[in-house]
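K.L.:
This is a predicted model, with the sequence first.
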Amino acid sequence: MHPVIAKTFGGLSTAYYVRQFIFGLIFPIFIYLVMSSGDGKHALHMPMLLVFAVNTLLYPYSRFVYESVMNFILGENVFFGSAILMLSFKIVMMTFCWVLAIFIAPLGLGYLYFYHSKAER
């Protein structure tokens, strides 16, 4: 495998990537189910399917950026509050990370590249 690819796309642990990838599959499946129900006039076209695939594959890296920023801001603090409010916020942030994965993920890939390059030295 090329070193750049190994340092970027191979930079997350397999368990983390698979877990986040599975969560990322929720969105295209949901959109497919919503669009395929009804009169059938709202077919999914190839460009839309391509965007779904790219966002789903990049979602784990987008989520990595979000979690890294939140860990930096919040540190080891623990907050107590409504579970419904917390889960609602989590779903909104997961949606945000999936929809904007194509823009957010390059930040995570860049960080992983520099992190693994530095660790190599």
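P.N.:
Everything's here; your move.
K.L.:
Tell me where the longest helix sits in this structure.
P.N.:
helix 46-74 (DSSP state H).
K.L.:
Now Y16: which helix or strand?
P.N.:
When elements are assigned from DSSP states H and E, Y16 belongs to helix 14-36.
K.L.:
go on, F89?
P.N.:
With DSSP H and E as the criterion, the answer for F89 is helix 83-99.
K.L.:
that older thread, what comes up buried for the longest helix of the chain?
P.N.:
52, 55-66 (16 or more other Cβ atoms under 10 Å). No exception for glycine: its C-beta is placed from N, CA and C like everyone else's.
K.L.:
And it, how far out from the chain middle?
P.N.:
On the basis of Cα atoms, centre = their mean, to the nearest Å, helix 46-74 sits 2 Å off its chain's mean C-alpha point.
K.L.:
between that helix and helix 83-99, how many degrees?
P.N.:
The directions of helix 46-74 and helix 83-99 differ by 130 degrees, with axes from the mean of the first three to the mean of the last three Cα atoms, to 10 degrees as the criterion.
K.L.:
and the residue nearest the centre of the chain, what does it touch?
P.N.:
With distances taken as Cα atoms, centre = their mean, the chain has Y59 as the residue nearest its mean C-alpha position (2.1 Å). With contacts defined as Cβ atoms under 8 Å, 6 or more residues apart in numbering, Y59 is in contact with 20-21, 23-24, 97-98, 101, 105.
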